[in-house]
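Undergrad: How does the following fold in three dimensions:
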Amino acid sequence: MSGQKEVGYFAAGCFWGVEAAFRQVKGVVSTAVGYQGGHTLNPNYEQVCSGATDHAEVVAVTFDPAQVSYEQLLSVFWSKHDPTTLNRQGPDIGTQYRSAIFYASDAQKDAAEKSKEALDKAGVFSSPIVTEITRAGDFFMAEDYHQQYLEKRGMASCQI
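TA: Numbering: from 1, shown residues only. Got it, this is the predicted structure:
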């Protein structure tokens with residue numbers, strides 16, 4: 001592996017299944033689930049679930065760009081949720097379940113915007129993509145029991 005690592009931040013509903021999907025990608029060095037995009041410092045799960053903090057459930061993906069491109073990670077992101085539903089994924093409703101990309105660099109921003117535009121233009125989804133693309137702010141780690149939640153329980157997926 002190269003010495004240079006990058007981090008991408010992806011919100012695609014409940015973070016458990018999304019984290020599990022990213023952990024399967026060659027070149028992903030590590031993942032962590034947490035909260036981002038809100039206004040409360042060090043929020044906990046109950047606060048985030050209340051909707052009062054405006055945080056999204058996010059997966060921080062540390063990757064080796066020599067092995068996997070950010071564009072490839074975007075493909076995983078788009079395939080693991082419905083980016084056309086505002087503040088909702090399946091039965092999970094609230095701003096914490098919104099579709100969002102929190103970019104860490106201008107290159108990530110450009111790649112995310114181009115990817116979103118290309119999918120919309122190609123009509124891949126039956127409705128317009130509502131995914132927000134914003135600069136990454138503070139990332140707050142979720143509680144330990146949320147980290148690699150599905151792996152700890154011998155589950156492959158939690159998609160409904």
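Undergrad: ok, Ala104 to Ala12 distance?
TA: In this view, Ala104 and Ala12 are 17 Å apart by C-beta to C-beta, to the nearest Å. Placement of C-beta: from N, CA and C, glycine included.
Undergrad: Tell me which of those two has more neighbours.
TA: Ala12 (29 against 16; other C-beta atoms under 10 Å).
Undergrad: what bridges to that one?
TA: Applying DSSP bridges to Ala12 gives these bridge partners: Ser99.
Undergrad: from what I can see it touches Val76, true?
TA: No - when contacts are counted by C-beta atoms under 8 Å, Ala12 is not listed as touching Val76 (9.3 Å).
Undergrad: remind me which residues of this structure are low pLDDT?
TA: The chain contains residues with pLDDT under 70 at 1-2, 145-146, 148-160.
Undergrad: the strands in it, which residues?
TA: Ranges of strands within the chain are 6-12, 28-36, 56-63, 88-89, 92-93, 99-103, 132-135, 140-141, based on DSSP state E.
Undergrad: so how far is stretch 68-88 off the chain centroid?
TA: Mean-position distance between stretch 68-88 and its chain equals 7 Å (C-alpha atoms, centre = their mean, to the nearest Å).
Undergrad: Thanks again, I'm all set now.
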